[in-house]
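Engineer: quick check, what structure comes out for this input:
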Amino acid sequence: MKRASILLLSHLTRQKPKTLTPLLSRNYLSSNTTNTPSYYSLHSPTNNLKSCTKTNGLIIKPHQSQSNPSRNSGTLVETTPQISSRQKKIKERSQIEEAFESAATVEGMLEAFKDMEACFDERELGLALLKVGLKLDQQGEDPEKALTFATRALKVLDIGDDKPSFLVAMTLQLMGSVSYSLKRFNDSLGYLNRAKRILGRLEEEGTTNVEDIRPVLHAVLLELSNVKTAMGRREEAIDNLKKCLEIKELTMDKGSKELGVANRELAEAYVAVLNFNEALPFGLKALDIHKSGLGDYSVEVAYDRKLLGVIYSGLEEHDKALEQNVLSQKVLKSWGLRSELLHAEIDAANMQIALGKYDEAINTLKGVVQQTEKDGGTRALVFISMAKALCHLEKIADAKRCLEIACGILDKKETASPVEVAEAYSEIAMLYENMNEFETAISLLKRTQSMLEKLPQEQHSEGSVSARIGWLLLLTGKVTQAIPYLESAAEMLKESFGSKHFGIGYVYNNLGAAYLELDRPQSAAQMFAVAKDIMDAALGPHHADSIEAYQNLSKAYSAMGSYTLAIEFQQRAIDAWESHGPSAHDMLMEARRIREQLKTKARDASTNQLPTKALPLPHSGPSGRNEETYIMTSLSARIKQA
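Structural biologist: Residues are numbered from 1 along each chain as shown. Below is the predicted model of the structure:
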């Protein structure tokens, strides 16, 4: 990662002597310097030259005991100091090292390194190899070469004595960064986790200055967040980002711009998994920091307000969302940021749609479309939002025409922008669902899935799309076809987002419905039980979707002939509805009717008929999350209708 490499290069060379720049100052060596291959330990000629002393450089220079002319037999005679071959070699090596340190470009550094290879053996090149690797990673043009240098550095620096080495941790961070650039995510994860463990040990032992550890640890944690995001493990990625923010809070001024950006990035990560409640305080803190330090009309404030608009929309506080959006637009307009302004106006139109202001939204979008390029991606987004507003106004023919235009634009951009196009196709499919054009929606979603499956970092989105395909197949009576899509979605999403996200609860709820439709009540009960556990944890036992999970379990156990359990779960649903008060009167009455029906079935059951043995309820179940707000919002809003 370029930014991390820049910071670490700065970290390596931030203490420079006036005459000679070291590859690494003593402060950054492991406390066990005698066991760490370095210029200090390998170049020191103290055994043979007792008068030599160390400097801040990497080469040890002989002490100059006399600089005055010498006397011979009482006569003042000027003589030329005799330089031994050993001293000449030391001077030559020192000059080569200085040339390496003074190289301003990566090309110059590589050229100087070739000279170093001719004068130093491999054991003496560890720090230089690390520095070249960091410089190459900073440039980002040849990750394979950067990895080659990092691998060589590790072989030199990692002497295998089981003692934590700061330099080894830095080298592992570099290898993790380069492996991430090469999309070798498992390799990257291994290197970074080891670096994190080493830094943790160094901090515990107190052998290395904590001020030196923190920037490297921050780089490791940030890279871990990137890798885990790319692997779909977004819940874990957020944990790493939180620790990054904690380090910045310890090391930076409370009002620094970078600290504000770190808060915003964490808020964005929470938005990506639809955890808007957790996102809000970090978004507000970012805004406060940037307003205090940069003023109300800074670009950073505009970006903070734009994000807050998304967060408030997710919390269904659309008036607040629109307010933040309008304020953001003012700043973006004043800075002449045309592209960002157009996207903000599209967001505003979507907020107006959410507020039921359909005509206002259409007028907003008419103004935006005139500013877009004919075949531009932004123009496609305008027509998608226009179709959404027209659907609400029941102008179906006009809405379909808008979607056809959008698809025509997006079709040309699949190769160049697969993620953005897949996102747009998914939203278009949702609109076709609203128009009961299920076959068209399924076709678009399958096309989307084929694009996403080529992008491993988009596994979370692929899982969400698979879930929607499964739901639509279930809705259209293709139950057998639906099950593989739903099962695949559950597996992908649980790998991405942990065990207790409400979205995966809907997937398992639909799997239960599918198995019940196929007259497999035991399998259905298992799926409904998983859904119940997730809903209880994510939404609480009194949420409408949690209550539905109880009622579904009641249906499954009734189908199995286990009426006692069926009545028990139905009673839990009744108790939960009662807590809602008068607003849930109709649902409560229906739940009570079903309970009485179950009691009648239980009484009418033959006393000599053995009921089907009930399956034990699982204590936990898989779960998943989705990054794209509109995808999972659709999933959560629509799958629960099944």
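
Engineer: burial check on Ser85, number of neighbours?
Structural biologist: Using other C-beta atoms under 10 Å, Ser85 has 7 neighbouring residues. In this view, the C-beta of every residue, glycine as well, is placed from N, C-alpha and C.

Engineer: that one and Asp121: what is the separation?
Structural biologist: Separation of Ser85 from Asp121 (C-beta to C-beta, to the nearest Å): 18 Å.

Engineer: buried ones in stretch 326-344?
Structural biologist: 327-329, 331-332, 337, 340-344 (16 or more other C-beta atoms under 10 Å).

Engineer: with stretch 541-548 instead?
Structural biologist: Quick answer for stretch 541-548 (16+ other C-beta under 10 Å): 541, 543, 545-548.

Engineer: likewise for stretch 559-573?
Structural biologist: 559-563, 565-567, 569-573.

Engineer: and these, which is closest to Glu205?
Structural biologist: Comparing the buried residues of stretch 559-573 against Glu205 with C-beta to C-beta places Arg572 closest, at 53.0 Å.

Engineer: all helices of the stretch 201-350 of the chain, in order?
Structural biologist: 210-230, 234-251, 257-272, 276-294, 299-314, 318-334, 338-354 (DSSP state H, counting those that start in this stretch).

Engineer: which residues touch the last one?
Structural biologist: Contact with helix 338-354 is made by 302, 306, 309-310, 313, 316, 318, 321-322, 325-326, 328-329, 332-333, 358, 360-362, 364-365, 367-368, 371-372, 378, 381-382, 385, 388-389, 392, as judged by C-beta atoms under 8 Å, 6 or more residues apart in numbering.

Engineer: tell me the pLDDT at Leu23?
Structural biologist: For Leu23, the pLDDT comes out at 36.

Engineer: go on, Lys89?
Structural biologist: 74.

Engineer: who are the packing partners of the helix or strand containing Asp137?
Structural biologist: Element membership for Asp137, per DSSP states H and E: helix 126-139. With contacts taken as 3 or more C-beta pairs under 8 Å, 6 or more residues apart in numbering; DSSP states H and E, helix 126-139 sits against helix 2-13, helix 106-119, helix 143-157, helix 166-181.

Engineer: could you say what helices and strands the third one packs with?
Structural biologist: In other words, helix 143-157. helix 126-139, helix 166-181.

Engineer: compare the mean pLDDT across these and name the weakest.
Structural biologist: helix 126-139 (a mean of 92).

Engineer: report the angle between the axes of the helix holding Asp137 and helix 106-119?
Structural biologist: 160 degrees (axes from the mean of the first three to the mean of the last three C-alpha atoms, to 10 degrees).

Engineer: helix 166-181 and helix 126-139, what's the angle between them?
Structural biologist: 30 degrees.

Engineer: heads up, I number from 12, so please use that
Structural biologist: That works, and once the first residue is 12, the last one we named lands at helix 137-150.

Engineer: off-centre distance for helix 137-150?
Structural biologist: 26 Å (C-alpha atoms, centre = their mean, to the nearest Å).

Engineer: give me the neighbour count for the closest residue in space to Met538 that isn't next to it in sequence.
Structural biologist: Leaving aside its chain neighbours, Met538 sits nearest to Gly523 (3.5 Å; criterion: C-beta to C-beta, 6 or more residues apart in numbering). Using other C-beta under 10 Å, Gly523 has 29 neighbouring residues.

Engineer: contacts for the host helix or strand of Ala613?
Structural biologist: Using DSSP H and E, Ala613 sits within helix 596-615. Residues from elsewhere that reach helix 596-615 (C-beta under 8 Å, 6+ apart): 558, 562, 565, 569, 574-575, 577-578, 581-582, 584-585, 588-589, 591.

Engineer: what of stretch 294-304?
Structural biologist: Contact with stretch 294-304 is made by 265-268, 270-272, 274-275, 278, 309, 311-312, 315-316, 318-319, 322, as judged by C-beta under 8 Å, 6+ apart.
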